[in-house]
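K.L.:
Any chance you can model this:
(one chain, ligands or ions: 1)
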Amino acid sequence: MLTVSHVTKVFPGGKGIFDVSFTVEKGEVFGFLGPNGAGKSTTIRHIMGFMKPEKGYVRIQDCDTWKDQGKFQKLVGYLPGEIAFMEGMTGKSFLDFMSRMQGGVDPKRREELVRRLQFDERTPIRKMSKGMKQKVGIVAAFMHEPRVIILDEPTSGLDPLMQKVFIELVLEEKAKGTTFLMSSHSFPEIERTCDRAAIIKDGKIIAVKNVHELQAVQRKLFEVTFELAEDRDAFLCSGMKIDSCQDNKVRVAVQGDYNRFVQETAKYRIRSIDVFSQNLEDVFMDYYDRTGGQ
Ligand SMILES: Nc1ncnc2c1ncn2[C@@H]1O[C@H](COP(=O)(O)OP(=O)(O)OP(=O)(O)O)[C@@H](O)[C@H]1O
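P.N.:
Prediction:
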């Protein structure tokens, strides 16, 4: 559905994106992760046909997004990293304008999205908070039921409740076969929605991985608090992978074999157990280091 092939853009000063290639299949939700300045927005601007690649090309379905500009507006929904609103617009006038550009929108669909994202369309955009503007942008990207949706940092500025609504919207559209590409700094939202994710660093793709595979190798840290110091000492000698120990609290790393951990802890008097999941971004990087990026 979406092919990014060897796209290169070097800005004056040497930054940019270099030989970026990946594909997104129909109905797939593809995450695009990377730190600030890694090249996510530059890649997305090339995908949208706003920038001419120095090398390479981007295709959405059969359109070259640079050469066939203007031909795929109906097909694609887009949420930019920062939306440029025209002076004096309200949410309503912006959405009216966008729906004309998109060749018409089902008013029921638009109303439903506005209702779920909970904002007042009549508010002038200059009076809206960052989160409210983001909601207007999300409605604009979803309302014409495009087959492909490209989102640059979609949840930035949204509170946790609205992040949840956003994730539900993505999963509903995914179930209908819509293809997504979304950039993020945040692994948790990628984890909840994406099938595969790419990490970009210094303008280069360093890994493309199946998110479920990464979850399977994700390490959990259990923090076990013992009632008795002698129990703690016995546990420390049990051969479990100890991460740290402070007073009667022991942190143990478990990957895959939870039975052994349960059997071992069951031998002692335990005051409490807390669990922390390894940050999936670290899993990604560990996996990358272990496999040398293969
Ligand atoms: N028009 C431009 N001229 C010169 N340098 C640019 C231009 N646009 C982007 N850059 C540089 O290219 C690099 C990639 O920027 P880009 O905005 O794509 O990163 P990003 O991954 O989207 O970052 P963020 O998460 O902060 O939005 C950065 O070092 C940025 O400063």
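
K.L.:
Please, where are all the strands along the stretch 1-150 of the chain?
P.N.:
In order along the chain, the stretch 1-150 of the chain carries the following strands (DSSP state E, counting those that start in this stretch): 2-10, 16-24, 29-33, 55-60, 63-64, 76-79, 148-152.

K.L.:
For the stretch 101-250 of the chain, give me the ranges with low pLDDT.
P.N.:
186-187 (pLDDT under 70).

K.L.:
my guess is Ile205 meets Ile199, correct?
P.N.:
Yes - look at Ile205 against Ile199 with C-beta atoms under 8 Å: they come within range, at 7.3 Å. Where C-beta positions appear, they are placed from N, C-alpha and C, glycine not excepted.

K.L.:
now the strands of the stretch 1-150 of the chain in JSON lines, with distance to the ligand?
P.N.:
Below are the strands of the stretch 1-150 of the chain laid out as JSON lines (distance: least, C-beta to the nearest ligand atom, whole Å):
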{"stretch": "strand 2-10", "distance to the ligand": "9"}
{"stretch": "strand 16-24", "distance to the ligand": "6"}
{"stretch": "strand 29-33", "distance to the ligand": "9"}
{"stretch": "strand 55-60", "distance to the ligand": "15"}
{"stretch": "strand 63-64", "distance to the ligand": "21"}
{"stretch": "strand 76-79", "distance to the ligand": "13"}
{"stretch": "strand 148-152", "distance to the ligand": "7"}
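
K.L.:
Just tell me which of those strands ends up closest to Ala141.
P.N.:
When the strands of the stretch 1-150 of the chain are compared for distance to Ala141 using C-beta to C-beta, the nearest one is strand 76-79, at 3.8 Å.

K.L.:
what packs against that closest one?
P.N.:
For strand 76-79, the helices and strands in contact under the criterion 3 or more C-beta pairs under 8 Å, 6 or more residues apart in numbering; DSSP states H and E are helix 130-142, strand 148-152.

K.L.:
rewinding a little: can you add distance to Val252 and mean neighbour count and give the strands of the stretch 1-150 of the chain back as CSV?
P.N.:
Putting the strands of the stretch 1-150 of the chain into CSV (distance: least, C-beta to C-beta, whole Å; neighbours: other C-beta atoms under 10 Å) gives the following:
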stretch, distance to Val252, mean neighbour count
strand 2-10, 42, 18
strand 16-24, 37, 19
strand 29-33, 29, 25
strand 55-60, 46, 18
strand 63-64, 53, 16
strand 76-79, 42, 22
strand 148-152, 38, 23
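
K.L.:
so can I have a markdown table of the ones you listed showing distance to Ile270?
P.N.:
Written out in a markdown table, the entries for the strands of the stretch 1-150 of the chain read as follows (distance: least, C-beta to C-beta, whole Å):
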| stretch | distance to Ile270 |
| --- | --- |
| strand 2-10 | 50 |
| strand 16-24 | 46 |
| strand 29-33 | 37 |
| strand 55-60 | 54 |
| strand 63-64 | 60 |
| strand 76-79 | 47 |
| strand 148-152 | 44 |
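
K.L.:
residues in contact with Ala38?
P.N.:
When the contact criterion is C-beta atoms under 8 Å, 6 or more residues apart in numbering, the partners of Ala38 are Ile200, Lys201, Asp202, Gly203.

K.L.:
mind redoing it with 10 Å?
P.N.:
Residues touching Ala38, when contacts are defined by C-beta atoms under 10 Å, 6 or more residues apart in numbering, comprise Ile17, Phe32, Ser183, His185, Ile199, Ile200, Lys201, Asp202, Gly203, Lys204, Ile205, Ile206.

K.L.:
Take the residues you listed and write them to a markdown table, including distance to Ser99 and secondary structure.
P.N.:
As requested, the contacts of Ala38 are arranged in a markdown table below (distance: C-beta to C-beta, whole Å; DSSP: H, G, I helix; E, B strand; the rest coil):
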| residue | distance to Ser99 | secondary structure |
| --- | --- | --- |
| Ile17 | 32 | strand |
| Phe32 | 27 | strand |
| Ser183 | 25 | strand |
| His185 | 30 | coil |
| Ile199 | 35 | strand |
| Ile200 | 33 | strand |
| Lys201 | 38 | strand |
| Asp202 | 39 | coil |
| Gly203 | 36 | coil |
| Lys204 | 38 | strand |
| Ile205 | 35 | strand |
| Ile206 | 39 | strand |
